[in-house]
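> Fold the stuff below for me.
(2 chains)
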Protein chains: 2
Amino acid sequence: MPSPARQAVSTSATLNAQNQQDQKVVIGMIGLGTVGSGVFKIFRDQPEIFFQKIAVKDASKTRNIDDLDLDVLSQDPYAVVRDPETQVVVELMGGAELARELVIEALNNGKHVVTANKELIAKHGPELFDLARQKNVRILFEGAVAGGIPIIMPLKLSLGANRIQEVAGILNGTTNYILTKMTQEGWSFDQALAEAQAKGFAEADPTNDVEGFDVCYKIAVLSLIAFKQVVDPLAIYREGITRITAEDIEHARELGYVIKLIGLAKMGEDGRLDIRVHPMLIPNDHPLSNVQNEFNAIFVKGDAVGDVMFYGRGAGEMPTASAVAADILAIATGLLKGNEPIPSMIIDLATPANLLPVADTQNKYYLRLNTKDKPKVMGHLGNACGDAGVSLEAVMQKGINPDGTAAIVLLTQAVSEKQMNQALETIRQQDSTRDIGCLLRVL
Amino acid sequence: MPSPARQAVSTSATLNAQNQQDQKVVIGMIGLGTVGSGVFKIFRDQPEIFFQKIAVKDASKTRNIDDLDLDVLSQDPYAVVRDPETQVVVELMGGAELARELVIEALNNGKHVVTANKELIAKHGPELFDLARQKNVRILFEGAVAGGIPIIMPLKLSLGANRIQEVAGILNGTTNYILTKMTQEGWSFDQALAEAQAKGFAEADPTNDVEGFDVCYKIAVLSLIAFKQVVDPLAIYREGITRITAEDIEHARELGYVIKLIGLAKMGEDGRLDIRVHPMLIPNDHPLSNVQNEFNAIFVKGDAVGDVMFYGRGAGEMPTASAVAADILAIATGLLKGNEPIPSMIIDLATPANLLPVADTQNKYYLRLNTKDKPKVMGHLGNACGDAGVSLEAVMQKGINPDGTAAIVLLTQAVSEKQMNQALETIRQQDSTRDIGCLLRVL
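Below you'll find the model as predicted:
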């Protein structure tokens, strides 16, 4: 009886078929950080997956990896992509520009490429896909979005008979952890961020996560797969979660919602892509509402399949390594066994997206504002909304503060962002308004 | 700008590449019921997917399908699998024996096969896989489990670098609808079943669903993919949901659980497969707990990826057609474009499972019993459990009935089923016990 570890191999890719025992696939890896170490560990007991060279920033650094032969380490990533025996280059360095150069060099040298680099695929995917096609090699990138959750291949192949209508994802574990703690513990954003940093879920400089930049890359990659549309990740409308208060989360809860940072991409009937990254109120009965802590999930709506969701860990050593290793196995299986094909994840004929301006989007809105102690506050608010064509679904006044101000929460019906902005402008100028606290959209 | 329907095609499979416009893939379909009609509709606007022959039971029946050329209908399924021009046979007739004969004939005639037949794959999968390998054709079956939810390919390929430890699925929409209504509305099983039948979610004879037979086939297929183990679906330990009462659901809720019908397969360290189908208490913070109504979900635990879940509609015309159509597209793309490979879903070297007897499984248990109005009831219960080595996590007495009986609910810590049965036997014989109401396991 094979050991469990060996069973894993035979379950997945049957690399150890008897007549293949002396064969191996030669891997060159760029980066041996968290994910790279995980990938190395997964294949540690598998001689068929042979790490020939691994490029690292500092080859003299002490690494806590069993069975790592230090001779394979190199500080020259070009030595990896130019190594004549290497068949598969695994790019785990991150960043877009040097990674692009190295991947292009690898493809030009006829090597298959596996990458978990969301920024690389979001910015340069179509260029790399064209080159891979010309060179008749594969570029796989399951780890680029949502870590270990299978999403790229299911979206491209398993849902391939659908017209995808919408992709909405909780794509960043750091912000989901922060928002979960704010919801469950009543913490402020700063408290929850500090806890996330202490637990290693957030970096010392959390900007990339909490301001939504990370999610922009991921939703751009998903749009490439789901809609065959190329979106500049920097052109995506983006808001972070720093201005969400515990108060907003509590108001949302009373209205039947939770607040999540969402990467959203919807294809309109007119062919314009509504793509944006911002916090949203999620109804409690929506499957995304129950995704807690550092977990990620991607909700997809297709014209045939209806609603599907993919859930799991979106980051971390072994989850992301699971996705990268699956891509390596897919290529290795194809190389070792002539009759096992390697699925292709490249998108032919991707076209630049025609973006729907956020002002033209339709949303329900949550608005929290502070009002002064004046007569007819509610009447003024109602008039401001009504004049802009904004109908209200719920209004809550949350008591009166000692200074006479009161927090009022409005939940609107679906209106255009232009209408909402018009109402907001009127409200802002009303004498009874002290300040606008928070405006959020509803999924 | 292509219409949305055309975009779907180009998104998925790029069948309409310019130099391929005059090519087509010839399909023969067996069965034109709910799913078959959905598949036909998906490809209605796609001349590349050409339906040459469709076998039906009654060719004279009126069918509400636009663009259906009645000449393609045949009452002879052998005419489909023997048709010389047909390249792909789509088997949607259901049942195991005639379907097996027809699929074998199709494979022997060199045709690729797509099937959504869980019973066929559960009972005859390995035999069909061997034949497909010999004939160098594909057999794909994404629609056989959980309708439109991508699970077969993600489990085999995307999670291929993992040793899968556990698969737990809500795999039957009918029973999940019934249990959801019992939970949300407080209905009895009979009331909820009647509503499910009225809505078309349950058949006139609901045995196959409510007694868990349907789930046995599905968990057997999942075990084949996840563990490479062949399980006789009729040998799987099985309990249905008919004896669950609204009372049990309410008690579970008070304890922090919901009740779901679960298909479970766990690989033990000793290589024995713990596979069973029965209702379970699911903790409220488990992602399966929030799967409502007719939706399905499959929770998978892998050694690298951790917990992942796949969620969506497990049945119905278009969801299941979505999965079948994806399989057809995968084969068609491979046939039309030489450089696009067709992923293989067959399992090499599947071995008969070594089943863990249910008496040897470890579980937490929920026990509801009715006790007589006797002194020291709790003491007797505690002794019965303690003597069998069963520790209790929670005990609830739910009032005293007018006749002096009382419902008592126990929640145990994890113990072996043998220990629990021993405790149960003692409790059953105690003077203070009127009857055992319901024994359920906890996920």
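> Tell me which residue of the stretch 201-350 of chain A lies closest to chain B.
A:P341 (2.6 Å; Cβ to the nearest Cβ). Glycine gets a C-beta too; all of them are placed from N, C-alpha and C.
> which ones are touching that residue?
By Cβ atoms under 8 Å, 6 or more residues apart in numbering or on different chains, A:P341 lies in contact with A:334, B:334, B:341-344.
> Just name the closest of those to A:L102, please.
A:G334 (22.5 Å; Cβ to Cβ).
> That closest one: how many residues sit nearby?
19 (other Cβ atoms under 10 Å in any protein chain shown).
> what does the one 10 residues further on give?
The local packing count at A:S344 equals 22, with neighbours defined by other Cβ under 10 Å.
> I'd like the secondary structure assignment at it, please.
coil (DSSP: H, G, I helix; E, B strand; the rest coil).
> before we move on, the earlier item: please, which helix or strand holds the residue of the stretch 201-350 of chain A closest to chain B?
For A:P341, there is no helix or strand it lies in under DSSP states H and E.
> what domains does the record give for chain A?
Listed by automatic domain parsing, the domain ranges of chain A are A:4-148+A:317-345, A:152-313, A:359-442.
> between these, which gets nearest to B:M318?
So among the domains of chain A, domain A:152-313 is nearest, using Cβ to Cβ, at 4.4 Å.
> Just checking that closest one against chain B, any contact.
Yes: contact of domain A:152-313 with chain B (Cβ under 8 Å from any Cβ of the partner chain) involves A:153-154, A:156-164, A:226-228, A:267, A:269, A:271, A:285, A:287, A:290-292, A:302-313.
> PyMOL command for the buried members of those residues?
To isolate the buried members of these in PyMOL, using 16 or more other Cβ atoms under 10 Å in any protein chain shown:
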select buried, chain A and resi 153+154+156+157+158+159+160+161+162+163+164+226+227+228+267+271+287+290+291+292+302+303+304+305+306+307+308+309+310+311+312+313
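> Where do the strands of the stretch 1-150 of chain A begin and end?
Counting by DSSP state E, counting those that start in this stretch, the stretch 1-150 of chain A has strands at residues A:25-30, A:49-55, A:73-74, A:88-91, A:112-115, A:139-140.
> And for the stretch 151-300 of chain A?
Counting by DSSP E, counting those that start in this stretch, the strands of the stretch 151-300 of chain A are A:164-170, A:229-230, A:237-238, A:257-267, A:273-283, A:295-302.
> Among those, which comes closest to A:A198?
For A:A198, the closest of the strands of the stretch 151-300 of chain A is strand A:295-302, at 18.9 Å, according to Cβ to Cβ.
> which helices and strands sit right next to the next helix or strand after that closest one?
The helix or strand immediately downstream of strand A:295-302 is strand A:306-313, counting by DSSP H and E. If contacts are counted by 3 or more Cβ pairs under 8 Å, 6 or more residues apart in numbering or on different chains; DSSP states H and E, strand A:306-313 sits against strand A:295-302, strand B:306-313.
> Those into JSON lines, with extra columns for mean pLDDT and distance to B:H124?
Below are these laid out as JSON lines (pLDDT from 0 to 100; distance: least, Cβ to Cβ, whole Å):
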{"stretch": "strand A:295-302", "mean pLDDT": "98", "distance to B:H124": "30"}
{"stretch": "strand B:306-313", "mean pLDDT": "97", "distance to B:H124": "25"}
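> quick one: the residue of the stretch 201-350 of chain A closest to chain B from A:R133, how far?
16 Å (Cβ to Cβ, to the nearest Å).
> before we move on, what about A:V324?
22 Å.
> Between those two, tell me which one has more neighbours.
A:V324 (30 against 16).
> Could you check the helix or strand hosting that one and say which residues are buried?
Element membership of A:V324 [criterion: DSSP H and E] is helix A:317-336. Residues A:317-336 are the ones in helix A:317-336 that count as buried (16+ other Cβ under 10 Å).
> what do you get for stretch A:68-80?
Buried residues in stretch A:68-80, defined by neighbour count with 16+ other Cβ under 10 Å: A:68, A:72-74, A:77, A:80.
> Now compare those residues and name the two farthest from each other.
Maximum distance among the buried residues of stretch A:68-80 (Cβ to Cβ): 17.8 Å, for A:L68 and A:P77.
> For the nearest residue to A:A55 once chain neighbours are set aside, give its distance to B:L224.
Closest residue to A:A55 apart from its sequence neighbours, by Cβ to Cβ, 6 or more residues apart in numbering or on different chains: A:P77 at 4.0 Å. A:P77 is 42 Å from B:L224, where distance means Cβ to Cβ.
> Show the pLDDT at A:S3.
The model reports A:S3 with a pLDDT of 38.
> repeat for the one 4 residues further on
According to the model's per-residue confidence, A:Q7 sits at a pLDDT of 35.
> residues in contact with the residue nearest to A:S391 when sequence neighbours are not counted?
Once flanking residues are discounted, A:S391 sits nearest to A:Q413: 4.3 Å by Cβ to Cβ, 6+ apart. Contacts for A:Q413 (Cβ under 8 Å, 6+ apart) come out as A:364, A:390-393.
> Most neighbours among these, please name it.
For these, the largest number of neighbours (other Cβ under 10 Å) sits with A:V390, at 23 neighbours.
> Adding distance to A:N176, write the helices and strands packed on strand A:306-313 out as JSON lines.
Listed next are the helices and strands packed on strand A:306-313 as JSON lines, based on distance: least, Cβ to Cβ, whole Å:
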{"stretch": "strand A:295-302", "distance to A:N176": "7"}
{"stretch": "strand B:306-313", "distance to A:N176": "15"}
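> out of those strands, nearest to B:I219?
Using Cβ to Cβ, the nearest of those to B:I219 is strand B:306-313, at 14.4 Å.
> Please tell me how far A:Q419 sits from chain B.
27 Å (Cβ to the nearest Cβ, to the nearest Å).
> Enumerate the positions of the host helix or strand of that residue that are buried.
Secondary-structure assignment from DSSP H and E places A:Q419 in helix A:417-429. Neighbour counts over helix A:417-429 (16+ other Cβ under 10 Å) mark A:417, A:419-420, A:422-424, A:426-427 as buried.
> Any chance of TSV for the residues you listed, columns pLDDT and distance to B:Q397?
Shown next, in TSV, are those (pLDDT from 0 to 100; distance: Cβ to Cβ, whole Å):
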residue	pLDDT	distance to B:Q397
A:E417	96	56
A:Q419	96	57
A:M420	97	54
A:Q422	96	61
A:A423	96	56
A:L424	96	56
A:T426	95	60
A:I427	95	56
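> so which of those residues comes closest to chain B?
Taking Cβ to the nearest Cβ as the measure, chain B lies nearest A:E417 of those, at 23.8 Å.
> give the contact list for the closest one.
With contacts defined as Cβ under 8 Å, 6+ apart, A:E417 is in contact with A:358-363.
> tally of neighbours for the closest residue to A:G263 other than its chain neighbours?
Sequence neighbours aside, A:I219 is the residue nearest to A:G263 in space, at 3.4 Å (criterion: Cβ to Cβ, 6+ apart). A count of nearby residues for A:I219, using other Cβ under 10 Å, gives 31.
> was I right about A:I219 contacting A:A265?
Yes: applying Cβ atoms under 8 Å, one finds A:I219 in contact with A:A265, separated by 5.5 Å.
> What residues does the residue nearest to A:A55 make contact with?
A:30, A:55, A:93, A:98, A:102.
> what's the span of stretch A:248-262 from first residue to last?
Stretch A:248-262 has an end-to-end distance of 16 Å (criterion: Cα to Cα, to the nearest Å).
> out of the contacts of A:P341, what pair is the most spread apart?
A:G334 and B:G334 (13.4 Å).
> Let me see the contact set for the residue lying closest to A:L335 once chain neighbours are set aside.
The shortest distance from A:L335 to any residue other than its chain neighbours is 5.3 Å, reached at A:V25 (Cβ to Cβ, 6+ apart). By Cβ under 8 Å, 6+ apart, A:V25 lies in contact with A:48-50, A:87-88, A:328, A:331-332, A:335-336.
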